[in-house]
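**Student:** I'll drop the sequence and a predicted model, then ask my questions.
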Amino acid sequence: MSAQIINIADYPVDNLSSADAQSWVRQVRASLDQDGCCILPNFVTAQALEKMARQAHSIAHLAYPGPTEVSPYFFNYQLGHGEDLPGTHPVKYRGKRNLAQVAADLIPPEFLLSQLFHSDLMLDFLAAVTGQPIYRNQDPYQSLNISIMNQGGCQQWHFDSGTMVTTLLLQEPEAGGIFEYAPAIRSDTDENFDAVQAVLQGNSDRVIQNRLQAGTLSLFRGHYSLHRVTPVEGQRQRIQAILGYSTRPGLYGSKESSILHYGPRVSKIEAVTPFYTE
Ligand SMILES: [Fe+2]
């Protein structure tokens, strides 16, 4: 089934040992290494995309809006803690977040998006790209999400907690809703706050814009690259799926994060591993 969802004519994920596929995988890896980002347009077939978007629309009313003012560092509140920092410092910044997310447990398993997420072809492809075994996030809510942005919808500048994020754009807006990022602006040893502050204040020349088309799969190293989505313009919603893949097996999100992003209905679950995703 997943071989009919993925555009295997352009992306030979079903035959990764072929010379064509190996050449393509090298290109993906090089793009990730160089830009922290790889954009794969028309990753799913037109027929599958049409059905995926229709299915996403049918459950869009289940999306929960979540927080509206968010730090670039999410839950990493200990960053800068106890230091006497000016109000303009990045750790004190709060950006506007205006989107709603459908949690994984509300996405029916028969939906094409669920089938794609659970396809071993995706694990094999991502493992080939990263050179490491890849696992699905096991969290009942955070593993697979559909993000809905209405007119004015946006996502604030932020870093991801996970090392790589995999997204599939299901519907593009009429205008706006542009993905912007400052590649590799921080590292494990240097938060590079001055450069981050320049991006937050709109004074940076490091920002790259990507106007994504529906059907595009994006691989993005958002842990080191500050990124956002600009406000959506027009009536057509921006609809994006976030597929939770990781190099860590058995990954669950935190209870606190799930309650915040999917609402109090998820409070009955127990936290398993203190690791945060978005
Ligand atoms: Fe992100």
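**Tutor:** Okay, I see it.
**Student:** Residue numbers of the protein in contact with the ion?
**Tutor:** Neighbours of the ion within the chain, by CB under 5 Å from the ion: 160, 222. C-beta: built from backbone N, CA, C; applies to glycine.
**Student:** where does the chain dip in pLDDT?
**Tutor:** 1-3, 75-78, 269-278 (pLDDT under 70).
**Student:** can you rerun that using 80?
**Tutor:** In the predicted model, the chain carries pLDDT under 80 at residues 1-3, 74-83, 162-163, 268-278.
**Student:** Can you tell me the closest non-neighbouring residue to residue 146?
**Tutor:** The spatially closest residue to residue 146, leaving aside those adjacent along the chain, is residue 102, at 4.2 Å (CB to CB, 6 or more residues apart in numbering).
**Student:** Who are the contact partners of the one you found?
**Tutor:** 56, 59, 60, 62, 63, 64, 145, 146, 148 (CB atoms under 8 Å, 6 or more residues apart in numbering).
**Student:** Now the buried members of those.
**Tutor:** 56, 60, 62, 63, 64, 145, 146, 148 (16 or more other CB atoms under 10 Å).
**Student:** Burial check on the nearest residue to residue 172 once chain neighbours are set aside, number of neighbours?
**Tutor:** Spatial nearest neighbour of residue 172, excluding adjacent residues (CB to CB, 6+ apart): residue 214 at 4.8 Å. Residue 214: 21 surrounding residues under other CB atoms under 10 Å.
**Student:** Could you pull up phi and psi at the closest residue to residue 92 other than its chain neighbours?
**Tutor:** Nearest residue to residue 92, sequence neighbours excluded (CB to CB, 6+ apart): residue 85, at 6.2 Å. The phi/psi pair for residue 85 (degrees, to the nearest 10) reads phi -110, psi 150.
**Student:** What's the separation between residue 85 and residue 74?
**Tutor:** As judged by CB to CB, to the nearest Å, residue 85 and residue 74 stand 18 Å apart.
**Student:** still on that earlier bit, the residue nearest to residue 92: neighbouring residues, count only.
**Tutor:** So residue 85, with other CB under 10 Å, has 13 neighbours.
**Student:** Which stretches in the stretch 51-200 of the chain count as strands?
**Tutor:** All strands of the stretch 51-200 of the chain, identified by DSSP state E, counting those that start in this stretch, fall at 69-70, 95-96, 100-102, 135-136, 144-149, 155-158, 165-171, 175-176, 179-182.
**Student:** Just name the most buried of those.
**Tutor:** strand 144-149 (a mean of 25; mean count of other CB atoms under 10 Å).
**Student:** Report the inter-axis angle for that strand versus strand 165-171.
**Tutor:** Using axes from the mean of the first three to the mean of the last three CA atoms, to 10 degrees, the inter-axis angle of strand 144-149 relative to strand 165-171 is 50 degrees.
**Student:** Show me what strand 144-149 is packed up against.
**Tutor:** Using 3 or more CB pairs under 8 Å, 6 or more residues apart in numbering; DSSP states H and E, the elements in contact with strand 144-149 are strand 100-102, helix 112-117, strand 238-243.
**Student:** so how far is the shortest one off the chain centroid?
**Tutor:** Between the centre of strand 100-102 and the centre of its chain there are 13 Å (CA atoms, centre = their mean, to the nearest Å).
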